[in-house]
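**Q** Could you look at this predicted model? Sequence included:
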Amino acid sequence: MINNAVESVEMQGAVAGDDAAAVGSRVRQLRLVHGMSQRKLASLAGITNGAISMIEQNRVSPSIASLKKVLEVFGLSLAEFFARDFQPDPQVFYRRSALTKIADGPVVLRQVGGSNGRRKLQVLHETYAPGGDTGSTMLSHEGEEAGVIVRGQIEITVGQQCELLGPGDGYYFHSRLPHRFRNLGPEECEIVSSCTPPTF
C-alpha cells in the first residue's frame, strides 16, 4: 500500500526545496478548512488515500502533476496554493444586524459575509423603497447575477428586455448586459441576490 502511494506521488517534476517541506502542512490545512476527509479528497483527486496521508505527513514529495490534481478539487492554481494563507473563516453565521451595509438610501444593499476579499461570491439582501432606482445610467460589469424577489415588486431591465417581477419570481443574467432595477410600486421591495465575482 505504501509503495503504491509513493509511486503515485514521487514522479518526475516533483515539488522541490523549501516548497516541498511546506506542501504537506498546507494540503492538510486546505483540506480541513473545507471540512473534507483524506479519503474524500483522495477520491475526488483520483489518487490513493495513502498518498494523501503521506503527503500531509511530509513523508513524500508529490509530483507537480499529483499536486495539481489535489488543487483542482479546490479550484486553485499552484501559485494560489503557495501564496494564500488557508485559515477557516472566523465567522459562518450572520445576524441581520451584522450584515455589512454597502449602499443606503432609497436602495439599501446589505452584504452577507463581511468584507472578506477572498470571496468569489457576493450575497446581498436588497431593499428598494417606493421609487427606489439604481439609476438612469444602466449598470454593466463583468460577471453573472441572480436573485429572487421576496416581497413587493421590481421592474428589471436587462438589455432590451424589461419585466415586472413579484414575490417568488427570479432572474439570472450576465452582468455585462446593461441593467437597471426600479421599484415603481407603492410598497417596499425586498430581494435576495448573488453575483460572481463580487461587484461592490
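**A** Perfect, thanks for sending it. Numbering: from 1, shown residues only.
**Q** Going by C-alpha atoms from here, please, whenever you check contacts or count neighbours.
**A** Will do.
**Q** okay, now the domains of the protein?
**A** Per automatic domain parsing, the structural domains of the chain span 2-83, 96-196.
**Q** which of the residues in the longest helix anywhere in the chain are buried?
**A** In the chain, with assignment by DSSP state H, the single longest helix is helix 17-33. For helix 17-33, burial by neighbour count (16 or more other CA atoms under 10 Å) applies to 20, 21, 23, 24, 26, 27, 28, 29, 30, 31.
**Q** Put together TSV for the domains of the chain, with mean pLDDT on each row.
**A** Compiled in TSV, the domains of the chain are given as follows (pLDDT from 0 to 100):
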stretch	mean pLDDT
domain 2-83	77
domain 96-196	94
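**Q** For the spatially most central residue of the chain, which non-adjacent residue is closest in space?
**A** The chain has residue 120 as the residue nearest its centroid, 3.3 Å off, counting by CA atoms, centre = their mean. Ranked by CA to CA, 6 or more residues apart in numbering and with sequence neighbours excluded, the top spatial neighbour of residue 120 is residue 197, at 5.3 Å.
**Q** which outside residues touch stretch 98-109?
**A** 110-115, 124-134, 200 (CA atoms under 8 Å, 6 or more residues apart in numbering).
**Q** Check those residues for burial and list the buried ones.
**A** Judged by 16+ other CA under 10 Å, buried ones among those: 110-113, 124-130, 132-133.
**Q** which two from the residues you listed end up farthest apart in space?
**A** With distance counted by CA to CA, no two of these lie farther apart than 113 and 130, which are 27.3 Å apart.
**Q** what about the helices in this structure?
**A** 2-9, 17-33, 38-45, 49-56, 64-73, 78-83.
**Q** what helices or strands is the fourth one leaning on?
**A** Judged by 3 or more CA pairs under 8 Å, 6 or more residues apart in numbering; DSSP states H and E, the packing partners of helix 49-56 are helix 2-9, helix 17-33, helix 38-45.
**Q** Recalculate using a threshold of 6 Å.
**A** Contact here means 3 or more CA pairs under 6 Å, 6 or more residues apart in numbering; DSSP states H and E; on that basis helix 49-56 packs against helix 17-33.
**Q** Tell me what angle the helix it packs on forms with helix 49-56.
**A** For helix 17-33 against helix 49-56, the angle by axes from the mean of the first three to the mean of the last three CA atoms, to 10 degrees is 120 degrees.
**Q** sorry, back to before: ok, the residue nearest to residue 120 - how many residues close by?
**A** Residues near residue 197, counting by other CA atoms under 10 Å, number 15.
**Q** Sitting in strands, which of the contacts of stretch 98-109 do you find?
**A** Mapping these onto strands (DSSP state E) picks out 110, 111, 112, 124, 125, 126, 127, 128.
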